[in-house]
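Q: coords please:
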Amino acid sequence: MINYEKYELRNGLKVIVHQDESTPIVAVNLAFDVGARDEDPTMTGLAHFFEHLMFSGSKNAPDYDIQVQNAGGQNNAFTTNDYTNYYITLPKTNLELALWLESDRMFQLNLTSKSLETQRQVVIEEFKQRYLNQPYGNNLAQLRALTYKDHPYKWATIGESIEHIEKVSLDDAMRFYNKFYAPNNCILSICGDVEIESTLQLVEKWFGSIESSTIDRPFYTPEKPQVEQRIKTVEEDVPLNAFLWSFKIGQRTNADFPTADLTSDLLGRDESSLLHQRLAFELNLVSSISSYVTGDRGPGMFIISGKMNDGISFSQVEEEMWKIINELKKSGPSEIELLKVKNKFETAHVYGEMNVMNKAMNLAYSELCHHVSDINKELQNYQNVSSEKIKEWMNEFMIKKNLCQLNVKKSKNG
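A: Residues are numbered from 1 along each chain as shown. Now for the predicted structure:
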């Protein structure tokens, strides 16, 4: 149970404060409601590009990182298809510094031609190293494009191509900043040994005068129902053949999301999971296999991926995977199997609540998805999942016509 206080400033900034007296560290988290799904399809990757630009310094703090480091803090950020998140942890005595830094770059960012070109090269290099020049690096993006034909989830946060990043102008970046980087498009969460009233006064001091923005959000094209299985085979310079499966599922806020998540744990959370035990240990078909759900705010994916041992065909793996899936669809997990994954989830959940940074992130994300109060319902929602619910869910979603299948074949020259 996480106790918190929630407020909203006149300019629309939502503020969530959680007092944790067990630590001298304070975590400051800002979740901006802008991600890859908010991009122009002809200029993808801009949300992630802009995450990098946010570290270019601001009017009163030209070197953001040095300020944080000198205060004994650490900071970072990440971009998803749904939102962009920035976070700092530092001694509680330096809370005001963190709020000053974040407020200054919220409305006085140093956006210049020089900073744009510097970060453009950083992002392009990241694109090459992590996605284009690394074995299997671009496969998840290929699976995403196979899975989504209408919704903007069809491109990865890095963007569809380097060409899109190359053509971002300073005007493009400034328009993006003025539209989305505003208090009424942000959730600020603060966790640590802080006094709530004085913390809110500091938030008002540094953020209260920032003007809100008109959020002209693009229309999210709904994904049409999939009517048949999609299969795509690509040939790449990889050490082993690999496969990535995706079943389209519902949203992170749907009542059946815990059922989907626990099903992915049953099938492929770790080496004790059903798929790993059968395909890796018993049959020696794969060297690795896992499954997980993406947990998107829009239509999500249930992903199963793995790398195959030499001499094993895609059809062999596919046949055995469907056997396991169909067995689970018919009988459901045993009481012991279900209890095991629930206990693992609970352990991770409880452990996560011991870390102020995790709590700050999770409070902001819960508010972003629906309402911050959902954070205290999550554990019970998972405990309420039954074997029967898993069977029903699997029979609705884990069917061939809902499957997108990417086969990654080792090139003959590899």
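
Q: Please list the residues outside stretch 320-327 that contact it.
A: 245, 267, 274-275, 278-279, 283, 285, 304, 394, 398 (C-beta atoms under 8 Å, 6 or more residues apart in numbering). Every C-beta, even on glycine, is put in place using the N, C-alpha and C of the backbone.

Q: Stretch 377-385 now?
A: Counting by C-beta under 8 Å, 6+ apart, 255, 258-259, 261-262, 338, 342, 345-346, 349 sit against stretch 377-385.

Q: Among these, which pair sits farthest apart?
A: 255 and 346 (19.3 Å; C-beta to C-beta).

Q: And these two? Which one has more around it.
A: residue 346 (13 against 10; other C-beta atoms under 10 Å).

Q: Low-confidence ranges, this structure, go.
A: Low-confidence segments of the chain (pLDDT under 70): 413-414.

Q: where exactly do the strands run in it?
A: 5-8, 14-19, 25-32, 74-79, 84-91, 186-192, 230-236, 242-248, 286-293, 301-308, 403-410 (DSSP state E).

Q: what about the third one, distance to the chain center?
A: Averaging C-alpha positions (C-alpha atoms, centre = their mean, to the nearest Å) puts strand 25-32 16 Å from its chain's average.

Q: Tell me which of the contacts of stretch 320-327 fall in helices.
A: Using DSSP state H, the subset of the contacts of stretch 320-327 located in helices is 267, 274-275, 394.

Q: and which of the residues you listed is nearest to residue 233?
A: residue 275 (21.2 Å).

Q: In this structure the closest one contacts residue 304, no?
A: Yes. Residue 275 is in contact with residue 304 according to C-beta atoms under 8 Å; the separation is 7.1 Å.

Q: Identify the contacts common to those two.
A: 267-268, 289-291, 321.

Q: farthest-separated two in those residues?
A: 290 and 321 (12.5 Å).

Q: which neighbours do those two share?
A: Common contacts of residue 290 and residue 321, defined by C-beta under 8 Å, 6+ apart, comprise 275, 304.

Q: Which of these two has more residues huddled nearby?
A: residue 321 (21 against 17).

Q: can you pull out the helices in the stretch 201-350 of the chain?
A: Ranges of helices within the stretch 201-350 of the chain are 257-268, 274-275, 314-331, 335-352, based on DSSP state H, counting those that start in this stretch.

Q: now what about the shortest one, what contacts it?
A: Just to be clear, that refers to helix 274-275. Here helix 274-275 has contacts from 266-268, 289-291, 304, 306, 321, 324, 328, 337, using C-beta under 8 Å, 6+ apart.

Q: would you turn those residues into a markdown table with distance to residue 82?
A: Formatted as a markdown table, those follow (distance: C-beta to C-beta, whole Å):
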| residue | distance to residue 82 |
| --- | --- |
| 266 | 26 |
| 267 | 24 |
| 268 | 23 |
| 289 | 27 |
| 290 | 22 |
| 291 | 21 |
| 304 | 22 |
| 306 | 26 |
| 321 | 29 |
| 324 | 31 |
| 328 | 29 |
| 337 | 31 |
